[in-house]
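J.: Could you look at this predicted model? Sequence included:
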Amino acid sequence: MNAVEIEEAVSDLSQEPFDAAEFPFSFLAAFGNKEATIKRLRSGNTNKSDVGGVLQRNNIHIAVAEPGQTVETLARLKASPQTERQKAKFILATDGAQLEAEELGSGEVLSCRYGDLGNNFGFFLPLAGISTVAEVKNNPIDIKATSRLNRLYVQLLKDNADWGSPDKRGDLNRFMARMIFCFFAEDTGIFQGDDLFTSTVQTMTEADGSNTRDVLLRLFDAMNTRAPDGAARPGFPSWADRFPYVNGGLFADDIGCPTFSRTSRAYLLRAGELDWKTINPDIFGSMIQAVADEDERGELGMHYTSVPNIQKVLDPLFLDDLREQLEQAGTNKRMLFNLRQRLSRIRVFDPACGSGNFLVIAYIRMREIEDEIMRRRGEALTRSAISLTQFFGIEIKSFAAEIARLSLLIAEFQCDVRFIGQAEARALVLPLHATGNIRQGNALRIDWEEVCPPATVSAEERDLGGPTGRLNLEGGSEEREIYICGNPPYQGSVNQSQAQKADMESIFKKYLKTYKDLDYVSSWFVRAAEYLKGRSGVAAFVSTNSICQGEQVAMLWPILFKLGLEIDFAHTSFLWKNNASNNAGVTCIVVGIGNLTRQKLLFEGSEVRAALGITPYLTIGERVIVRKQTSPLSPIAKMQSGNKPTDNGNFILDGEDKRSLVRSFPETERLFRRFVGSRELTQGGDRYCLWIKDNDLAVASANPEIGNRISNVRAFRLESRGKQANENAETPHRFVFSPHTGGSCIAVSNVSSERREYLPANYFSGDTVVSNLASVAYDAPLWNFSIIVSKLHLAWIATICGKLKTDYRYSNTLGWNTFPVPKLTATDKARLTRCAADILLAREAHFPATIAELYDPEMMPTDLRAAHDCNDETLERIYIGRRFRNDTERLEKLFEMYTKMTTKKERAN
DNA sequence: TATCCGACATACA
DNA sequence: TGTATGTCGGATA
């Protein structure tokens, strides 16, 4: 359950008549406990209460109090030994009128009327495991507003089936934006009189909803009609005439109005009851997208960018430069004036703007800088020089686009209140100003220049530019400063929709033959590069880290470099996080691409490094791009993918199942091989696979269990949408890819934790089948093992290969075949073989410890570490005659060798 | 054929 | 339910 669903459930509970016996269970149900859990509590099996209440282990101790005895009952809960023994996080006592609760960890207490429980649901959110909710807890209004609008929206669609059609949806979305504006306006004094809108609807409409539509249409009309100076507008009844002229585009179009039922009218009024003035246009806007989108409803704000992550984009993009210019200006009035002029001319463009939170944050930060300018000039601000028309966006979803326009207006009003004053803000706000230029459409298909036309600046304007700090406009642009930013959608090639693939084709076909493995997000980088071509500027996006790793680097980055761009700044990988309870599972980076001559900044966690250049692997250094290749660059062993079953689990048995099968059918013994994937290689474990040679097929099929497994594989492969699976459906006893030779091999895990200092690799005899979760070198001399487990090789893999989150991912084509190795003499090989054997021996000495245990960086046995040290020393001496000082030096050498070896090869061709 | 990756997947404590 | 660490097989070349 997400926070909105919990809010709805808790609010409902507190509105129902109080049922003393049922309350504890209904309360737990509201926080998402499963029916089975509650059943067990009810039966007493898991109820640990010692005071006649309900105590759920690790969660909450609830007791219903005698009327008027809530405080006393809470004290009893607190004193109860079971409360502590069962590690309750909360205690709660209520008599149906008053409610007392305490969070035991923090000592925070809640005391409220029972009916007000819905407004305090945030207090209990940790019960649902939602603990990253500091902002939500402090500002529950955003969640409550979302939840109530959600109900209204769904009900309106039920009452007005025709409004659900694609061409009418936009009108419904515009209608919702109007409602939100009215709720906001009546709580902030934009409308004269508290709750003017809600109370007008309340009093003027029938309870059955029949004339709600007529009343609303009348109000819309009024808000779109300018009043003759101070006089009443002719033709409007006085209740409608009390509404001001609002317009600003919001009420201009005739979108009609949906019809209301008793229920939808009630939801409208309930939404109006909230106090909307503290709405956060960034948080709320992102959450509310879920309202109009069934797909998103379950994931509630999963993809909205948190403010810290937005700042990772906006600060280095242009805000830090503005702040620096402010510092340099000190109290110099002329310089401060110039900076304010500059602020009034900057354009911010988010081509994937969603509900507009990047634009909103950019606007607020710019207003803060303007406020500081005014303070230093000793002047009072009467009207901001920054206009919403400086903000541009493209958004594919109509409702989000609508919300983006509205969020900017709300942000403007809130900034006016904060920096000018309450009364002045009210006086300024109506009629609504033009809001941001938000275009609804597919950013990969429409012309960006049309949405955000680059305008030239006058010579005078250019003089005002910031020749300070990192930004140098001198001799550069004749155009306005435009900053492109945002968090476009990510989608790997496997999961792209047909429409997204078509979008990709429209962008990449002219640059590349093979582009289909690129992530969808890379389209935005190319579009931005095309937009910036021939003018100066910077574009920065939050992105999945995969565009700066592995195979995608060689596809995407040459295009961007050719368009004249460099990496202007970047944040290395960080885990995606926002306030949503179910975060998207992705590791992100921020990359700014631009063509300004300013120093480059690389942010790694809390550290920043300035540099002359940043590579597409997000390291500092000279630009080298490593391309995958099918055979090794150096004279080293051939390495391949492991054996791929595509069996839906049918070929694989754990040790116990395999043994019991073989006990019953001894003739099946030879059909099995030990099976090793990433997990077995590192963490050990006992798994076997069916490895059926064609001439054993009769034996295999004759066995009921194995025959059954084979036919399951056939069915699975037939149903699969993968070509390889289909093609191998008629040989269902075989793996779909099987390089296994029956000889011995060296295997490296394809994924491994970044905590380890050495790659997990091992040596296997011919009776073990290595799965496609590892890469294998069959019949390879042991000195290859020495290279694989070296620090030198790991440094290369860590930089060049792809990653799974930030963990190492091994690839033969990208990491092994490209690895530069100097010519090895027979003596070199003998020494390395010796080192490899010593490592294997050192491991053996700790039998049966697994590789994961042995290579835990904190527990690594000294003899094993010594063997590795010796191995690294021996190998590194072959490279440079001594040990490398660090990984930076290792990579420098490797890149130098790689460049030399690949250019030589090119010349030879 | 043969890989590379996943707005991931899932087992733990 | 946050933390730790690697499954599995589709889409692509």
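T.: Everything's here; your move.
J.: What's the local residue count around whatever residue of the stretch 401-550 of chain A ends up closest to DNA strand B?
T.: Residue of the stretch 401-550 of chain A nearest DNA strand B, by CB to the nearest atom of the strand: residue A:550 (2.1 Å). The way it works is simple: take the backbone N, C-alpha and C, and place the C-beta from them, glycine included. Neighbours of residue A:550 under the rule other CB atoms under 10 Å: 22.
J.: Just confirm it contacts residue A:811, I think it does.
T.: Yes. The pair residue A:550 / residue A:811 is scored as a contact, 6.8 Å apart, by CB atoms under 8 Å.
J.: Got phi/psi on the closest residue to residue A:738 other than its chain neighbours?
T.: With sequence-adjacent residues excluded and distances taken as CB to CB, 6 or more residues apart in numbering, residue A:738 is closest to residue A:643, at 4.9 Å. Main-chain torsions, residue A:643, degrees, to the nearest 10: phi -80, psi 130.
J.: Also residue A:846?
T.: For residue A:846, the backbone dihedrals (degrees, to the nearest 10) come out as phi -110, psi 20.
J.: what sits in contact with each of residue A:550 and residue A:811?
T.: Common contacts of residue A:550 and residue A:811, defined by CB atoms under 8 Å, 6 or more residues apart in numbering, comprise A:801-802.
J.: Give the ranges of residues in the stretch 301-450 of chain A that sit below the confidence cut-off.
T.: Scanning the stretch 301-450 of chain A with the threshold set as pLDDT under 70 gives A:301-302.
J.: Count the neighbours of residue A:605 for me.
T.: If you count neighbours by other CB under 10 Å, residue A:605 ends up with 9.
J.: How about residue A:900?
T.: With other CB under 10 Å as criterion, residue A:900 counts 11.
J.: Check what pLDDT it gets.
T.: At residue A:900, the pLDDT value in this model is 95.
J.: How about the one 5 residues further on?
T.: Reading off the per-residue confidence, residue A:905 sits at a pLDDT of 66.
J.: Equivalent analysis for residue A:478, please.
T.: pLDDT, residue A:478: 50.
J.: Is DNA strand C within reach of whichever strand or helix holds residue A:499?
T.: In this assignment (DSSP states H and E), residue A:499 forms part of helix A:498-508. Yes. Judged by CB under 7 Å from any atom of the strand, helix A:498-508 comes into contact with DNA strand C at residue A:501.
J.: and that helix, does that touch DNA strand B?
T.: No. Helix A:498-508 is not in contact with DNA strand B by CB under 7 Å from any atom of the strand; minimum separation 10.7 Å.
J.: who's residue A:575 bridged to?
T.: Taking DSSP bridges as the rule, residue A:575 bridges to residue A:587.
J.: what residues does the helix holding residue A:499 touch?
T.: A:442, A:444-445, A:491, A:496, A:515-516, A:518, A:520, A:523, A:526-527, A:559.
J.: picking up where we left off before, tally of neighbours for the residue nearest to residue A:738?
T.: Residue neighbour count, defined by other CB under 10 Å, stands at 26 for residue A:643.
J.: That one is in contact with residue A:735, isn't it?
T.: Yes. Distance between residue A:643 and residue A:735: 5.0 Å, which falls inside the contact criterion (CB under 8 Å).
J.: And the strands in the stretch 501-650 of chain A, which stretches?
T.: Counting by DSSP state E, counting those that start in this stretch, the stretch 501-650 of chain A has these strands, from start to end: A:538-544, A:566-575, A:587-594, A:600-604, A:607-611, A:640-641.
J.: Report the separation between residue A:236 and DNA strand B.
T.: In this structure, residue A:236 and DNA strand B are 46 Å apart, going by CB to the nearest atom of the strand, to the nearest Å.
J.: same question, residue A:875
T.: Distance, residue A:875 to DNA strand B, by CB to the nearest atom of the strand: 23 Å.
J.: Residues touching the strand or helix carrying that residue, excluding its own?
T.: Per DSSP H and E, residue A:875 falls inside helix A:862-880. Residues from elsewhere that reach helix A:862-880 (CB under 8 Å, 6+ apart): A:757-758, A:786-787, A:789-792, A:822, A:824, A:828, A:831-832, A:835-836, A:838-839, A:841-843, A:845-846, A:854, A:882-884, A:893.
J.: Stretch A:66-81 too?
T.: Contacts to stretch A:66-81, defined as CB under 8 Å, 6+ apart, come from residues A:49-51, A:53, A:61, A:63-65, A:83, A:91-102, A:104.
J.: a markdown table please, covering the strands of the stretch 501-650 of chain A and showing mean neighbour count and distance to residue A:303.
T.: Shown next, in a markdown table, are the strands of the stretch 501-650 of chain A (neighbours: other CB atoms under 10 Å; distance: least, CB to CB, whole Å):
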| stretch | mean neighbour count | distance to residue A:303 |
| --- | --- | --- |
| strand A:538-544 | 25 | 10 |
| strand A:566-575 | 21 | 14 |
| strand A:587-594 | 24 | 11 |
| strand A:600-604 | 19 | 22 |
| strand A:607-611 | 11 | 27 |
| strand A:640-641 | 18 | 33 |
